[in-house]
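**Q** Structure of the sequence below:
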Amino acid sequence: MKAIKVSLLASGLSASIVVHATTPKYCATGADNVCFRFGIPQSSANSGSGNIYFQIQAPSTYSWVALGTGDQMKGSNMFVMYQDGTGNLTLSPRLGTGHSMPEEDTSSSAADLGLLAGSGVANGVMVANVVCPNCETWDGGSLSLTDTASKWIAAWKSGSSLATTSKSARISQHDDHDQFQLDLTQATVSSDSNPFLEADIEDPGTGSGGGSNGGGGGSSDNPGDVVGPGNPFAPVVGGRRRDAALVAHSGIMTATFAALYPLGSMLMPLAGSWIAHAAWQTVAFIMMWVGFGLGIHVAQDRNMLFNNTHTKLGTAIVFLLLVQPVLGVMHHKYFVKYRERGAISYAHIWWGRILLILAVVNGGLGLKLTNAGNSAVIAYCIVAAVCFGIYAIVKSWAVVRRGRQGGAHFRKSDNFTHQQRYPVGRQPYRPRNRV
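**A** Here you go, the predicted structure:
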């Protein structure tokens with residue numbers, strides 16, 4: 001890479017800026033040849049404002065592709081590219097407001113985006129060469145043009161062309177998204193003009209109808225590819241917002257509701273021990289709250305808390321389960337006293353079953369909310385189906401066994417007090433006086 005060191009004297013201090021001949025390029029993780037280039041004119045870097053240049057490139061099989069500032073949608077200055085239906089592109093400035101469709105920014109501080117030479121759709125590739133004279137500030141945010149760790153997000157949606165020139169066109173929820181950091185000082189270019197025409201010569205795959213390095217949606221633009229001086233990009237959480245807290249939340253809640261709670265319920269007919277049942281369910285109860293806490297953290301970080309069905313229903317289920325231990329204790333006391341199930345017993349049983357079913361459904365909603373891949377969805381369905389299949393078999397066997405035994409006889413191994421083994425209706429047990 002070529003680099004020319006230019007010495008400047010500003011405010012009595014000597015400064016040195018590295019000017020690069022090639023703009024750096026980043027290709028998003030999880031997408032097919034969705035790539036971005038950046039160029040900051042030396043004059044803009046010196047003054048802290050002025051034109052900045054960026055390029056969005058993607059196969060025309062994508063319905064839309066977006067680039068945004070920051071590390072989350074909320075407060076992001078977003079630039080959405082889609083086809084206009086005539087072989088050209090529409091570029092829409094939008095503000096991210098959270099986990100919902102970003103709306104067109106019509107404020108006085110909206111990004112003034114201009115499409116430059118080389119933009120368009122050709123040979124199955126969309127390319128937007130963009131200049132923005134005011135992208136260093138927007139409503140609710142700012143960008144330092146000399147930031148060595150500027151944060152960026154990207155998102156995309158496969159599908160048919162939107163075929164519209166409207167900047168406020170409605171877009172569907174993204175298929176996936178990416179996150180990365182860029183050292184803007186390594187994106188400095190000498191001239192305040194379109195830097196991507198020269199880049200197209202050095203790296204043909206970047207331009208509309210480009211050649212071997214990405215034209216026509218080829219395979220050589222691999223995720224994380226960097227073309228430019230040094231390595232100006234740094235992935236964030238592996239380049240994607242699949243952080244450890246989200247994985248831990250998903251794993252703990254799946255294990256708790258699809259496995260631990262159903263298995264704990266089976267301990268009564270299998271082991272006949274209320275102590276084992278209570279201990280097992282207590283562990284599951286504690287794990288549920290750990291998973292819930294992680295879920296709150298993830299939802300707050302992604303601005304998804306209480307603005308979707310998954311977080312609302314999940315919170316309701318967790319707090320409704322606070323009643324279950326109380327019902328369990330009441331059921332146990334009733335059973336010890338009368339040696340049969342009563343209304344409180346069935347309330348305990350069916351309250352738990354209903355909430356378990358809702359929790360498993362809500363887990364599926366969570367996978368949909370985070371755009372989980374097919375492998376994760378399939379794995380979740382298999383685990384839930386196997387565990388609940390075993391649960392249904394064991395419970396059915398227990399019902400049949402009770403029917404054969406007359407519904408009220410219990411073994412010594414049932415681990416209750418000795419009077420429970422002899423049915424006497426609903427009368428409390430009163431031991432006989434021994435002579």
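**Q** I figured F306 hits G314, correct?
**A** No: in this structure, F306 is not within contact of G314 by CB atoms under 8 Å, at 10.2 Å. Every C-beta, even on glycine, is put in place using the N, C-alpha and C of the backbone.
**Q** quick one, which of those two is more surrounded?
**A** Each of F306 and G314 has its neighbours counted (other CB atoms under 10 Å); G314 has more, 24 against 10.
**Q** excluding its backbone neighbours, what's nearest that one?
**A** N362 (5.2 Å; CB to CB, 6 or more residues apart in numbering).
**Q** likewise A149?
**A** Q181 (5.0 Å).
**Q** hang on, that neighbour packs against S150?
**A** Yes: in this structure, Q181 is within contact of S150 by CB under 8 Å, at 6.5 Å.
**Q** hang on, the earlier thing: host element of the residue nearest to G314?
**A** helix 343-369 (DSSP states H and E).
**Q** what about that helix, distance to the chain center?
**A** Centroid displacement of helix 343-369 relative to its chain, using CA atoms, centre = their mean, to the nearest Å, is 23 Å.
**Q** and that helix, what does it pack onto?
**A** Identification of packing neighbours for helix 343-369 by 3 or more CB pairs under 8 Å, 6 or more residues apart in numbering; DSSP states H and E yields helix 244-255, helix 261-271, helix 309-320, helix 323-338, helix 374-404.
**Q** So what's the residue count around A31?
**A** 22.
**Q** I'd guess it is in a strand, am I close?
**A** No: assessed with DSSP: H, G, I helix; E, B strand; the rest coil, A31 is coil; it does not lie in a strand.
**Q** Do I have it right that it meets D176?
**A** Yes: A31 is in contact with D176 according to CB under 8 Å; the separation is 6.8 Å.
**Q** any shared contact partners between the two?
**A** By the contact definition CB atoms under 8 Å, 6 or more residues apart in numbering, A31 and D176 are jointly contacted by W156.
**Q** do you know how far the residue nearest to G314 is from K312?
**A** According to CB to CB, to the nearest Å, N362 stands 9 Å off from K312.
**Q** which one of these two has more residues nearby?
**A** Neighbours were counted for N362 and for K312 using other CB under 10 Å; N362 has more, 21 against 14.
**Q** Thought T315 was touching that one, still the case?
**A** No: judged on CB under 8 Å, N362 makes no contact with T315 at a distance of 9.9 Å.
**Q** Who are the contact partners of the residue sitting nearest the centre point of the chain?
**A** In the chain, the C-alpha nearest the mean C-alpha coordinate belongs to T370, at 3.5 Å (CA atoms, centre = their mean). Residues in contact with T370, defined by CB under 8 Å, 6+ apart, are L246.
**Q** Could you report the pLDDT at it?
**A** Here, the pLDDT recorded for T370 equals 74.
**Q** repeat for T148
**A** pLDDT, T148: 90.
**Q** cool, T165 as well?
**A** Taking T165 on its own, its pLDDT is 95.
**Q** One more: the one 4 residues further on?
**A** In the predicted model, A169 carries a pLDDT score of 94.
**Q** and what of A343?
**A** 93.
**Q** Please report how far it lies from A278.
**A** 21 Å.
**Q** So between the two, which is more surrounded?
**A** Set A343 next to A278 and count neighbours by other CB under 10 Å: A278 wins out with 16 against 9.
**Q** Now for W64, which secondary structure element holds it?
**A** strand 62-69.
**Q** other SSEs contacting that strand?
**A** strand 52-59, strand 77-83, strand 150-158.
**Q** What strands flank the shortest one, and is each parallel or antiparallel?
**A** Applying DSSP bridges, strand 77-83 is found paired with strand 62-69 (antiparallel), strand 89-95 (antiparallel).
**Q** How far does the first one sit from its chain's centre?
**A** Taking the mean of its C-alpha atoms, strand 62-69 sits 17 Å from the chain's own mean (CA atoms, centre = their mean).
**Q** That strand relative to strand 150-158, how many degrees between them?
**A** 170 degrees (axes from the mean of the first three to the mean of the last three CA atoms, to 10 degrees).
**Q** what's the burial count for the residue nearest to A149?
**A** If we define neighbours as other CB under 10 Å, then Q181 has 19 of them.
**Q** how near is it to Y391?
**A** 47 Å.
**Q** now swap in T69 and tell me
**A** For T69, the distance to Y391 - CB to CB - is 49 Å.
**Q** Kindly report the same for I296.
**A** 28 Å.
**Q** Please apply the same query to F306.
**A** Relative to Y391, and taking CB to CB, F306 is found at 31 Å.
**Q** What of M126?
**A** Taking CB to CB, one finds M126 at 50 Å from Y391.
**Q** Quick check: G264 touching H277?
**A** Yes: with contacts counted by CB under 8 Å, G264 reaches H277, the gap being 6.1 Å.
**Q** Export the helices and strands packed on strand 62-69 to a markdown table and append columns for distance to N194 and mean neighbour count.
**A** A markdown table is the format used below for the helices and strands packed on strand 62-69 (distance: least, CB to CB, whole Å; neighbours: other CB atoms under 10 Å):
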| stretch | distance to N194 | mean neighbour count |
| --- | --- | --- |
| strand 52-59 | 7 | 25 |
| strand 77-83 | 16 | 25 |
| strand 150-158 | 21 | 22 |
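**Q** Out of those, which is closest to I349?
**A** strand 150-158 (45.0 Å; CB to CB).
**Q** Neighbouring strands - and their directions - for the helix or strand that comes right after that closest one?
**A** Next helix or strand after strand 150-158 toward the C-terminus (DSSP H and E): strand 176-182. Its sheet considered, strand 176-182 pairs with strand 150-158 (antiparallel), strand 233-235 (antiparallel) by DSSP bridges.
**Q** Next, the angle from the first one to strand 52-59.
**A** Between the axis of strand 150-158 and that of strand 52-59 there is an angle of 30 degrees, by the same axes, to 10 degrees.
**Q** Show me where the stretch 201-350 of the chain dips below the pLDDT cut-off.
**A** 201-243, 302-303 (pLDDT under 70).
**Q** Q186 contacts P24, correct?
**A** Yes: between Q186 and P24 a contact is recorded at 6.3 Å, counting by CB under 8 Å.
**Q** Give me the more crowded residue out of those two.
**A** Higher neighbour count among Q186 and P24: P24, with 24 against 21, using other CB under 10 Å.
**Q** got a pLDDT number for the more buried one?
**A** The model's pLDDT for P24 equals 89.
**Q** Tell me if I'm right that it and A187 touch.
**A** Yes: between P24 and A187 there is a contact under CB under 8 Å: 5.5 Å.
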